[in-house]
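Asks: Need a 3D model of the following:
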Amino acid sequence: MATAMTDPSTITVAQGTEGGGAALDQVALMTGAAAVVGAVLLWVAYLHRTRRITWLQRLADFSGRLMNRPGWVALPIAMFLATILTAFLGFIWDVSLHVGKGRDAGPLANPAHYFILVGLFFLFMAGMLAVILPLDEKPGRAAVKITRDWYAPVGGILIAGAGFYALIGFPLDDIWHRLFGQDVTLWGPTHLMLIGGAGLSLIGVLLLELEGRYNRPDPERTDGRVLWAIQGFAFGGLVIGLSVFQVEFDFGVEQFRLVLQPMLIVFAATIALISARLTLGPFSTLLLVAFAFCVRYIVAVLVGTGFEAPRNVFPLYLGAAIVVELLALLPLIRRPLWWGALTGLGVATVGIWLESLWIERMFVNPWVGGMWPELLAMAVPVGVAGGVIGAMLGTVLRGEALPKPAVRRGLVVAAVVIAAAATANGLIIRVPENASATIALTDAAPEQGGRMVTADIRLSPADLIGSDPEWVEILAWQGGTGDGSPGHGLVVDKLVRVGDDHFVSTRPVPVHGSWKTLLRLQDGRMQSALPIFMPLDPGIGAAEVSAPASFTRPFVEEISVLQRERSFDHPSWLIGLASLVVLACSLALIAAMAWGAARVNDRYLAAGRTPDQKATVEP
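Replies: Alright, predicted model coming up:
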């Protein structure tokens with residue numbers, strides 16, 4: 001007999017003390033550590049700028065001789081490339097821990113945060129090195145004047161700015177959690193600051209390397225494979241960096257509609273691969289996707305096997321690379337912007353279809369037939385826009401002229417508007433009214449001493465979902481990592497349809513301990529969920545949602561179940577205002593990258609310079 005239908009997601013006990021910001025002692029400790037590190041960096045910068053130390057300059061000169069680049073380019077790039085993977089490893093590990101275990105006891109209780117912090121600190125330091133190193137020279141025609149006799153390269157300023165933007169995401173994230181609780185999703189605004197700053201810093205690296213090419217100490221010395229590999233490393237990092245926005249899809253715990261995933265893949269592929277092909281030449285995109293695959297695979301195995309946390313899969317980008325390489329055979333490539341737009345269209349159609357074959361084989365949720373019209377309506381304009389942006393970046397890195405300022409600014413603004421419109425469309429969801437599910441659970445063999453069940457599910461009304469939904473599945477997550485739990489804390493069971501409104505599970509799922517187990521639906525813009533089992537959580541004042549043998553529960557907004565720690569006890573305008581502040585900062589960072597690329601392009605081409613010509617001494 002089914003129990004009475006209630007909404008268990010609204011049941012709470014006495015308000016807890018967890019799920020908000022970090023404990024004040026951890027905040028104080030992290031603030032103090034950051035202050036000490038910052039003070040040391042400022043002191044070293046002061047000693048270098050006043051010529052009281054020489055070891056930093058000697059190290060930069062040594063790096064410069066190896067790379068045939070000025071020291072203010074060689075040493076920062078070497079530091080950046082040595083540390084960015086540290087931050088990426090920490091990021092994937094951190095996401096995996098949240099998927100497998102849930103919220104942190106505090107920032108210092110999560111080992112992945114140390115990798116992220118160290119990586120981001122060194123990223124910021126790499127940019128600042130490029131800023132403080134030039135002493136007796138103006139570092140190229142595009143250099144920015146800081147004081148009367150101190151100039152900084154554009155790329156260094158952009159790397160430092162992106163690193164700072166990412167770093168301030170940490171304290172702002174704590175403030176966000178104090179206001180709104182722990183929104184356990186990658187797409188929280190402050191989380192986007194962390195990953196967006198790190199990802200866009202690769203553009204600063206590419207521009208800094210370009211400034212170094214314009215100012216090579218030995219112009220007669222030909223760049224060898226090492227320098228090509230460094231450029232390739234940066235482009236491969238850009239592929240990975242622009243892919244991090246998709247990571248929830250990689251774990252199969254996406255909290256947004258599935259149609260966003262192909263759009264995000266097209267966005268990353270067009271900008272990174274089109275600019276790389278124009279800069280590095282034939283077959284370079286195939287090498288880049290192979291590099292990205294190796295890095296992602298090693299990190300996934302290290303996190304999933306070594307750290308015993310949920311493993312993730314990732315986009316292949318091979319289809320997009322094949323499209324880029326084939327279309328590069330056209331004479332149109334001599335007109336980069338038009339070629340970029342055409343190639344973006346190819347990536348958003350043929351390339352994304354080829355990628356779907358990999359998605360269908362490797363990912364939890366393949367792209368069903370019913371989503372393709374909306375998929376193409378979103379991916380095609382984003383692909384064309386991304387192709388134009390990638391072509392403009394490649395044009396700059398090749399040392400060729402950009403369009404007139406009004407044209408290029410209009411193209412950048414149009415690309416941002418198109419990406420924002422497509423994203424906004426993907427975020428539109430509909431929660432069904434008066435919809436519910438009657439679930440009968442059958443006990444299965446226990447695992448790790450805990451209760452496991454299979455489910456027989458009937459939806460109401462019978463026509464709640466159509467014939468080709470994106471997913472009807474049971475998600476069980478945050479069950480614990482490193483303790484032999486199923487899936488290291490993550491289980492996703494795609495249900496089998498045996499009738500219009502009748503579904504059955506294919507494997508046992510856990511309903512014990514710290515597991516959060518729920519039924520999820522997505523069909524077009526309809527997205528909803530209901531809890532099957534939720535543990536007692538006094539830390540956030542949440543009561544247990546039990547899993548009896550049979551029950552009926554209503555479908556609710558999915559975010560209220562997936563983000564159980566999130567607080568909705570605040571004025572509705574406050575989260576909008578906070579999100580707009582983060583959005584404004586993000587747009588400022590994008591504008592800075594566009595400004596930097598245009599400044600380098602304009603200043604050197606105005607002097608008739610190419611990246612292969614000998615540098616002249618600037619007054």
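Asks: so residue 585 makes contact with residue 192?
Replies: No: with contacts defined as CB atoms under 8 Å, residue 585 does not count as touching residue 192, sitting 10.1 Å away. (C-beta placed from N, C-alpha, C; glycine too.)
Asks: For those two, list the residues in contact with both.
Replies: Counting by CB atoms under 8 Å, 6 or more residues apart in numbering, no residue touches both residue 585 and residue 192.
Asks: now the nearest residue to residue 409 once chain neighbours are set aside: how far from residue 402?
Replies: Spatially, and ignoring its direct neighbours in sequence, residue 409 is nearest to residue 594 (7.7 Å; CB to CB, 6 or more residues apart in numbering). The gap separating residue 594 from residue 402 is 10 Å, by CB to CB, to the nearest Å.
Asks: Ok, residue 603 next?
Replies: In terms of CB to CB, residue 603 sits 12 Å off from residue 402.
Asks: now residue 293
Replies: 32 Å.
Asks: same question, residue 264
Replies: 26 Å.
Asks: Please identify which of those two sits among more neighbours.
Replies: Neighbour count, other CB atoms under 10 Å: between residue 264 and residue 402, residue 264 has more, with 24 against 19.
Asks: ok, the more buried one to residue 593 distance?
Replies: With CB to CB as the criterion, residue 264 and residue 593 are 19 Å apart.
Asks: now residue 583
Replies: In terms of CB to CB, residue 583 sits 16 Å off from residue 593.
Asks: quick one, which of the two is more surrounded?
Replies: residue 593 (19 against 13).
Asks: isn't the more buried one right up against residue 202?
Replies: No: if you go by CB under 8 Å, residue 593 and residue 202 don't touch, sitting 10.1 Å apart.
Asks: Common neighbours of these two, please.
Replies: With CB under 8 Å, 6+ apart as the test, residue 593 and residue 202 reach no residue in common.
Asks: list the buried ones in the helix or strand hosting the residue nearest to residue 409?
Replies: Per DSSP states H and E: residue 594 is located in helix 572-606. By 16 or more other CB atoms under 10 Å, the buried positions in helix 572-606 come out as 575, 578, 582, 585-586, 589-590, 592-594, 596-605.
Asks: got any ranges where the chain has weak pLDDT?
Replies: By pLDDT under 70, the low-scoring segments of the chain are 1-25, 27, 106-107, 183, 483-484, 609-610, 612-619.
Asks: Tell me which stretches of it form strands.
Replies: 144-147, 150-152, 436-447, 450-460, 471-477, 490-494, 496-499, 502-504, 509-510, 516-523, 526-533, 550-554 (DSSP state E).
Asks: strands paired with the first one, and their directions?
Replies: On the basis of DSSP bridges, the sheet neighbours of strand 144-147 come out as strand 150-152 (antiparallel).
Asks: now the strand it pairs with, how far from the centre of its chain.
Replies: Relative to the centre of its chain, strand 150-152 is centred 32 Å away, using CA atoms, centre = their mean, to the nearest Å.
Asks: Of all the residues in it, which ones are buried?
Replies: 151, 152.
Asks: hang on, residue 598 packs against residue 403?
Replies: No: counting by CB under 8 Å, residue 598 does not reach residue 403; the two are 10.1 Å apart.
Asks: OK, contacts around the residue nearest in space to the middle of the chain?
Replies: When the chain is reduced to its mean C-alpha position, the closest residue under CA atoms, centre = their mean turns out to be residue 244, at 2.4 Å. Residue 244 makes contacts with 88, 91, 195, 198, 199, as judged by CB under 8 Å, 6+ apart.
Asks: quick one: which of these is nearest to residue 136?
Replies: residue 198 (32.6 Å; CB to CB).
Asks: Next up, the contacts around the closest one.
Replies: 84, 87, 88, 91, 119, 120, 123, 162, 163, 166, 241, 244.
Asks: Could you dump these into CSV with distance to residue 156 added?
Replies: Supplementary listing: the contacts of residue 198 in CSV, determined by distance: CB to CB, whole Å:
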residue, distance to residue 156
84, 15
87, 18
88, 21
91, 23
119, 18
120, 16
123, 12
162, 11
163, 11
166, 16
241, 18
244, 23
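Asks: wait, isn't residue 551 in contact with residue 439?
Replies: Yes: counting by CB under 8 Å, residue 551 does reach residue 439; the two are 6.0 Å apart.
Asks: For these two, indicate the residue with more neighbours.
Replies: Shown here are residue 551 and residue 439; by other CB under 10 Å, residue 439 has more neighbours (25 against 22).
Asks: contacting residues for that one?
Replies: 455, 456, 457, 458, 519, 532, 550, 551, 552, 553.
Asks: Repeat that for residue 571.
Replies: Taking CB under 8 Å, 6+ apart as the definition, residue 571 has no contacts.
Asks: and if we set it to 10 Å?
Replies: residue 577 (CB atoms under 10 Å, 6 or more residues apart in numbering).
Asks: That one and residue 181: what is the separation?
Replies: In terms of CB to CB, residue 571 sits 15 Å off from residue 181.
Asks: do the same with residue 375
Replies: Taken as CB to CB, the span from residue 375 to residue 181 is 33 Å.
Asks: now residue 428
Replies: Counting by CB to CB, the gap from residue 428 to residue 181 is 24 Å.
Asks: which one of the two has more residues nearby?
Replies: Using other CB under 10 Å as the criterion, residue 428 and residue 181 rank with residue 181 on top: 22 against 9.
Asks: The more buried one and residue 569 touch, don't they?
Replies: Yes: taking CB atoms under 10 Å as the definition, residue 181 is a contact partner of residue 569 at 8.7 Å.
Asks: shared neighbours of these two, anything?
Replies: Contact criterion CB under 10 Å, 6+ apart; residues shared by residue 181 and residue 569: none found.
Asks: Quick one: residues contacting residue 434.
Replies: 460, 461, 464, 554, 555.
Asks: If we use 8 Å, what do you get?
Replies: 461, 554.
Asks: Would you report the backbone torsion angles of it?
Replies: phi 60, psi 40 (degrees, to the nearest 10).
Asks: most neighbours per residue, which of the strands of the chain?
Replies: strand 509-510 (a mean of 28; mean count of other CB atoms under 10 Å).
Asks: Excluding its own residues, what touches that strand? List them.
Replies: 447, 450-455, 474, 476, 479, 485-486, 491, 493, 517, 532-533.
Asks: Name every strand pairing with it and say which way it goes.
Replies: Strand 509-510 has these strand partners (DSSP bridges): strand 450-460 (antiparallel).
Asks: For the partner strand, C-alpha coordinates in CSV please.
Replies: C-alpha atoms of strand 450-460 as CSV (Å, rounded to 0.1, in the frame of the first residue of the first chain):
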residue,chain,number,x,y,z
GLY,A,450,24.0,-1.4,3.9
ARG,A,451,20.6,-1.8,2.4
MET,A,452,20.4,-2.1,-1.4
VAL,A,453,17.2,-2.1,-3.4
THR,A,454,15.8,-2.4,-6.9
ALA,A,455,12.8,-0.2,-7.9
ASP,A,456,9.6,-0.6,-9.8
ILE,A,457,8.3,2.9,-10.7
ARG,A,458,5.0,4.2,-12.1
LEU,A,459,4.7,7.8,-13.1
SER,A,460,1.6,10.0,-12.8
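Asks: that older thread, now the strands of the chain as CSV including distance to residue 413?
Replies: Shown next, in CSV, are those (distance: least, CB to CB, whole Å):
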stretch, distance to residue 413
strand 144-147, 23
strand 150-152, 27
strand 436-447, 46
strand 450-460, 45
strand 471-477, 36
strand 490-494, 40
strand 496-499, 45
strand 502-504, 46
strand 509-510, 47
strand 516-523, 32
strand 526-533, 31
strand 550-554, 44
